[in-house]
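1. Fold the following, please.
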Amino acid sequence: MSKIAIFGGSFDPVHKSHIQLVKFALKSCDFKKVIFVIAHTPPHKNKQYASTDDRVAMLKIATKGLSQIEISLYEVLKKKVVYSYQTLDYFQSLYPKDEIYMIIGLDSLLELPTWKNIDYLASHYKFMVVKRPCINIKKDIKYLDRCIVAQNETEDISSTGVRQMIKEGFKKFEMLLDKNVYNYIVERGLYK
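-> Numbering: from 1, shown residues only. Got it, this is the predicted structure:
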């Protein structure tokens, strides 16, 4: 049985921490592949800022050279909120002989009890958790027994923070992105 990891998000824009997280996951868990699932509208967000085409293009740029990566528009094509348990059920139906994991950051692990149908999700699937700076893992965290925790930490970067820097004209945001993703954003005038 092979392992496949699902990494869902807006990727609006994709930044270095997203790619670090995937590289850690591939290295530490021997996944056959990681599938980026681009959200149409995540349950916890109001809107997207870049178009789906732009987000796909930036993901393709950022993951160039990573052979075990796929990009899925499953949630985008639904044109509505899709919950994680629905997405993982969909991919399990595509890969019935494989074990499906969901990649999340440590901050998301702490929020799992608020997720839709979390008991079902946690009973059917496992989570690959990547540490974030300044967040500690306590032994009593619910669903920790369903997790593999990577020992590496990602940089503390958020897409929200990147968008805010761009909007306010800070050049520093360049350091948070793949240089070709940065060039794409500048050329297309995204997030201004």
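
2. Name the helix or strand for the closest residue to residue 157 other than its chain neighbours, please.
-> Among residues not flanking residue 157 along the chain, residue 17 sits closest, at 4.1 Å (CB to CB, 6 or more residues apart in numbering). C-beta here means a position set from N, CA and C on the backbone, and glycine is covered the same way. Assessed by DSSP states H and E, residue 17 sits inside helix 16-29.

3. how about the residue of the chain positioned farthest from its centre, secondary structure?
-> Using CA atoms, centre = their mean, the residue of the chain lying farthest from its centre is residue 169. It sits 25.9 Å away. Assigned with DSSP: H, G, I helix; E, B strand; the rest coil, residue 169 falls in the coil class.

4. quick one: it from residue 98, how far?
-> Noted for residue 169: a distance of 46 Å to residue 98, by CB to CB, to the nearest Å.

5. Same question for residue 176.
-> According to CB to CB, residue 176 stands 33 Å off from residue 98.

6. what's the strand or helix carrying residue 53 packed up against?
-> Using DSSP H and E, residue 53 sits in helix 52-62. Counting contacts by 3 or more CB pairs under 8 Å, 6 or more residues apart in numbering; DSSP states H and E, helix 52-62 packs against strand 33-38, strand 69-72, helix 179-188.

7. Do me a favour and average the pLDDT over the longest one.
-> Read that as helix 179-188. The average pLDDT within helix 179-188 is 90.

8. which secondary structure elements does that helix contact?
-> Helix 179-188 packs on helix 52-62, going by 3+ CB pairs under 8 Å, 6+ apart.

9. ok, now with 10 Å
-> In terms of contacts (3 or more CB pairs under 10 Å, 6 or more residues apart in numbering; DSSP states H and E), helix 179-188 is packed against helix 52-62, helix 159-167.

10. hey, least reliable of those by pLDDT?
-> helix 159-167 has the lowest average pLDDT among the helices and strands packed on helix 179-188, namely a mean of 78.

11. Low-confidence bits of the protein, can you list those?
-> Scanning the chain for pLDDT under 70 picks out 41-47, 131-138, 151-155.

12. 80 instead?
-> 28, 41-48, 106-107, 130-140, 149-162, 165-166, 168-174 (pLDDT under 80).

13. Identify the residues contacting residue 57.
-> The contact partners of residue 57, by CB atoms under 10 Å, 6 or more residues apart in numbering, come to 14, 50-51, 181, 184, 188.

14. Show me which positions of stretch 59-69 end up buried.
-> Within stretch 59-69, the residues that qualify as buried are 59-63, 69, counting by 16 or more other CB atoms under 10 Å.

15. hmm, who's touching stretch 115-126?
-> Counting by CB under 10 Å, 6+ apart, 3, 5-6, 29, 43-44, 81, 83-89, 91-92, 99-102, 104, 108, 111-113, 127, 142-143, 145-148 sit against stretch 115-126.

16. Ranking the helices and strands packed on helix 52-62 by mean neighbour count, which comes first?
-> Mean neighbour counts were compared across the helices and strands packed on helix 52-62 using mean count of other CB atoms under 10 Å; the top stretch is strand 33-38, at a mean of 22.
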